[in-house]
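Need the 3D shape of this:
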Amino acid sequence: MLWTTSSYLVLLKPFPLYSSPLLRKLLVKLSQRIGLTCLPHRSQSWRYLGKSSSLGENLLVKNSGEAYGNNFGQHANCSNDTDYSDLVEDEEMDVPETVEEILELLLSSLRDSDTVVRWSAAKGVGRITARLTSAFAEDVLSSVLELFSPGEGDGSWHGGCLALAELARRGLLLPVSLPKVVPVIVKALHYDVRRGPHSIGSHVRDAAAYVCWAFGRAYSDRDMKDTLEQLAPHLLTVACYDREVNCRRAASAAFQENVGRQGNFPHGIDIVNKADYFSLASRANSYLHVATSIAQNRDYLYSFVEELLCGKINHWDKSLRELTAEAFSALAKYDPNYFADYVLGKLIPSTLSSDLCTRHGATLAAGELLLTLHQNGFVFPAEKQKSLSGVVPAIEKARLYRGKGGEIMRSAVSRFIQCLSLSEMPLNEKTKRTLLDTLNENLKHPNAQIQNSAVDALKNFVPAYLVTLGDKVANEITVKYLELLDDPNVAARRGAALAIGILPYEFLVRKWRSIITKLCSSCSIKHKPDDPDAEARVNAVRGLIAVCETLTSSSFDDNFNEELSSLYLFIKNEVMQTVFEALNDYAVDNRGDVGSWVREAAMDALERCMYIICKKDSIGSNRSLVTEHQFEPCDSDFLAADFSFRLIDAKIVTDLVGGIAKQAVEKIDKIRDIAAKTLQRILYNQEYFIPFISHRKILEHIIPNDPDLKWTVPPVSYPRLVQLLRISSYSRYVLSGLVISTGGLQESLSKASVTALLEYLQVSEGDINEKRNVRECMLSTDFLWILQQYQKCDRVVTPAFKTIEILFSKKVFLNMEDHTLEFYSGLLQSLSVELKASKDFAKLFAGLSILGYVASVSEPINSKALSQLLFFLGHRYPKIRKAAADQVYLVLLQNENHVPEDKIERALEVLTEICWEGALDEAKTGRSKLYEMTGLDSGPSQEVRNRVPRKGDERKMKVSDENESYSSLVGFSGF
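Got it, this is the predicted structure:
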């Protein structure tokens, strides 16, 4: 009755209820328990008895007088003295039809789509088989092996592996059946089926390793000897080269279990120590180190090579193919002849395969093998040299760059050409021209990875094959790359700048001035502010400094020695000034602050340029000969006389340190970290000592030589770097970068930087009258310089206004004695320029708040600030009118001197009664009343009111104002 109900549930498969994995799992459990009740509960005599799980029992048996090999690893009927009548009874046992139906259900459940159901079904198969006769057990095994047919899916393979493991663990898989099972397990260990852009099968390989682990625990070493010889290479192949870490670790665990219990694996203990749980965690470490150390034993080398050739070189994962090429390179040293003949013989034809993955992996592997064999002193025969040199022309002829996958083939071909160049493979002139054209085409590709791979290849290809061809070829190539710097194709400009940077000395020396001038022009954004291609400028900066280093580090010929001084002067006067301009590249596009890429490259270029000049000035690492006071910027006749012939001067060093310090306090974490570490290298470089660094001791105290300092953490970096404000040489640089952080939109960064700035202004009680005023005066002077220097530059002015507003709210700049009036005058002048016709809500709000603070003080200039505030009561944006009204109201409450005592109440009533966010005419009327009450001149509003409008102006102004108001509102909201 119970099985009838369960079988009825099986018939519910088409219904949604059966789609529940939990229901199917419980149904499988219920079915197997019903089957167990239909069979007698006793241990079958035909089962295989392996070693005991107890070490003590095994030792007792081994030390007994009986032969150790005769008691274990046998059928139960041979070791338990079972009567023959019992065996006959077992063979003639009647199995109910219900059990057959239940077994059919369990075997079909091994194909289930959910792992929990398959796992439960596998355990059920093992439990029921344990109560069947040996003939029925053979039938069950045959049914399980049918799950591994080619037409079955991954679920069937996984369920079959689990079932085999259960049968082995329970002694139901007899050694006589192992020859049928082991080939299936070997296939399962390498099961990997491609499905679109990925593959499936990791769970099958994991389960197959579990089967191998079960074998090690179930069988004696005598019965497993032949089986282990088959399984060992495959287990180690999976342990080293599987893509998934769980499969690598599972195979390693199975190998370790068999080594410990069977002991028949060649070099087993050594391999277990190398391929442990932790060493296999990293895929790269498994491929390049673990596998390489294991392959020292020739027993496994060739199986590893076959696995790489057949299963990994054509893998769907691009990174795995690249790792496979490196793995070939690591293994080649153990048998160079085998790799040169057999492996390369397989790889070279595969470079023209119709399958993208195969030809990409084969091209990479062939190049890596070629290079490794050359480094190991292997000499290729003429026929093999011809085959290798013809790989790229054959790919070109087959047009394998076109269509899907052309990009990764270009990268692989570039790497192959690089390996050819490094191995000094002989090439004819036609092949050289073909390879050069290929690299030039790759340089023009928009993909940055392809460009970089082409540049790397060109760096080795030119010295190996083109330098010896003479000045004509050198001039032709150089001119071609210089022309590409003006190409309309941005990708061509990017590649050309990088290519020029890697050209050898012989190519650069004849046209060095025009090359550097052209690169300097490509670095600049001054004359092309709308140029969106920041990558071209980045590459130009990198190419520029590379050219300078090549020209100054090579051994000079006699003809160039005459121009050497001109070169160094050109680097100082032109190159460094160009890179200083690149350090101020703040271009923005839809990707964000792309100028930060240029600034990052510029910081690296400035540091390297300074080292070039230091090298020219012969200032080495002997710091003991140079005392600190010698390089302070002071009026010293000795200093001027001693360094009059040097290229380095105080101004260029101050610009260098100040410019990098500015980047160290800006808002991007990565840029701050790079800038701070650059300053550390400049200050503590042991090879080149840079002189003329102002206040070096203070800088070394602020920026210690500690590599563990976390400059990307604002609460760590800002309290240190803000101390640079007290050094007049760097304060303006630092403040111009600091305001970007203090007045920016990022709340956490703004909070940390403002806190650091306020702590800098906070001094001890004894020095409060002296140092605080001095620091506030220096800070206010620097603010006025910034507002003048960056006039109409909203990127700097807006956050500067916000920073001033924050400082005003903290009662800073309110008592600077004689300097107060000068600061307020300069501030009001800047506000009048910046707020005029501005559409930036953030700038307008910050400016109005500053006007409110200035108008509230008792200085004579407060009337001018109030006049500007009253003017904004008639602004075209309602929100600005409302904000201005609020500020005027607060000013009148705090400073009643602006309005006569008898009119103060009326002025406050006007401010509160008028709806400043309503009609503009009403707001202008109220503003006029306030002008009359305060006795201030109405300013430019009267001129606007008296202007006679032209025909059509009213409608045009209305539409324009509406659109501008909406766009400004959207911008203010942060969208």
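
Could you list which residues are in contact with residue 115?
Contact analysis of residue 115 by Cβ atoms under 8 Å, 6 or more residues apart in numbering lists 158, 203. The way it works is simple: take the backbone N, C-alpha and C, and place the C-beta from them, glycine included.

Need the pLDDT of it.
For residue 115, the pLDDT comes out at 91.

Give the other helices and strands that the helix or strand harbouring residue 136 contacts.
Taking DSSP states H and E as the definition, residue 136 sits inside helix 134-145. Applying 3 or more Cβ pairs under 8 Å, 6 or more residues apart in numbering; DSSP states H and E, one finds that helix 134-145 contacts helix 84-91, helix 97-109, helix 115-129, helix 154-169, helix 178-189.

could you pull out the helices for the stretch 151-300 of the chain?
154-169, 178-189, 202-218, 221-241, 245-261, 268-274, 283-285, 291-294, 298-307 (DSSP state H, counting those that start in this stretch).

With mean neighbour count, distance to residue 790 and mean pLDDT as extra columns, can I get those in CSV?
What follows is the helices of the stretch 151-300 of the chain, written out as CSV (neighbours: other Cβ atoms under 10 Å; distance: least, Cβ to Cβ, whole Å; pLDDT from 0 to 100):
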stretch, mean neighbour count, distance to residue 790, mean pLDDT
helix 154-169, 26, 64, 94
helix 178-189, 18, 67, 94
helix 202-218, 25, 58, 93
helix 221-241, 21, 58, 89
helix 245-261, 22, 53, 93
helix 268-274, 16, 62, 89
helix 283-285, 14, 48, 95
helix 291-294, 21, 58, 94
helix 298-307, 18, 63, 92
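
Just put the helices and strands packed on helix 134-145 in TSV and tack on distance to residue 652.
Listed next are the helices and strands packed on helix 134-145 as TSV, based on distance: least, Cβ to Cβ, whole Å:
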stretch	distance to residue 652
helix 84-91	98
helix 97-109	79
helix 115-129	68
helix 154-169	67
helix 178-189	66
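
Those: which one's closest to residue 525?
Closest to residue 525 of those is helix 154-169 (Cβ to Cβ; 55.3 Å).

Send over the closest one as PDB, restricted to the C-alpha atoms.
The C-alpha trace of helix 154-169 is given here as PDB (Å, rounded to 0.1, in the frame of the first residue of the first chain):
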ATOM      1  CA  ASP A 154      26.400  15.900 -17.000                       C
ATOM      2  CA  GLY A 155      23.800  15.000 -14.300                       C
ATOM      3  CA  SER A 156      23.900  11.300 -15.300                       C
ATOM      4  CA  TRP A 157      27.700  11.300 -15.200                       C
ATOM      5  CA  HIS A 158      27.700  12.900 -11.800                       C
ATOM      6  CA  GLY A 159      25.000  10.500 -10.400                       C
ATOM      7  CA  GLY A 160      26.900   7.600 -11.800                       C
ATOM      8  CA  CYS A 161      30.100   8.600 -10.100                       C
ATOM      9  CA  LEU A 162      28.300   9.000  -6.800                       C
ATOM     10  CA  ALA A 163      26.700   5.500  -7.200                       C
ATOM     11  CA  LEU A 164      30.100   3.900  -8.000                       C
ATOM     12  CA  ALA A 165      31.600   5.500  -5.000                       C
ATOM     13  CA  GLU A 166      28.900   4.200  -2.700                       C
ATOM     14  CA  LEU A 167      29.200   0.700  -4.200                       C
ATOM     15  CA  ALA A 168      33.000   0.800  -3.700                       C
ATOM     16  CA  ARG A 169      32.700   2.000  -0.100                       C
END
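
before we move on, the earlier item: so which of the helices of the stretch 151-300 of the chain comes closest to residue 386?
Within the helices of the stretch 151-300 of the chain, the stretch nearest residue 386 is helix 298-307; the backing value is 24.2 Å (Cβ to Cβ).
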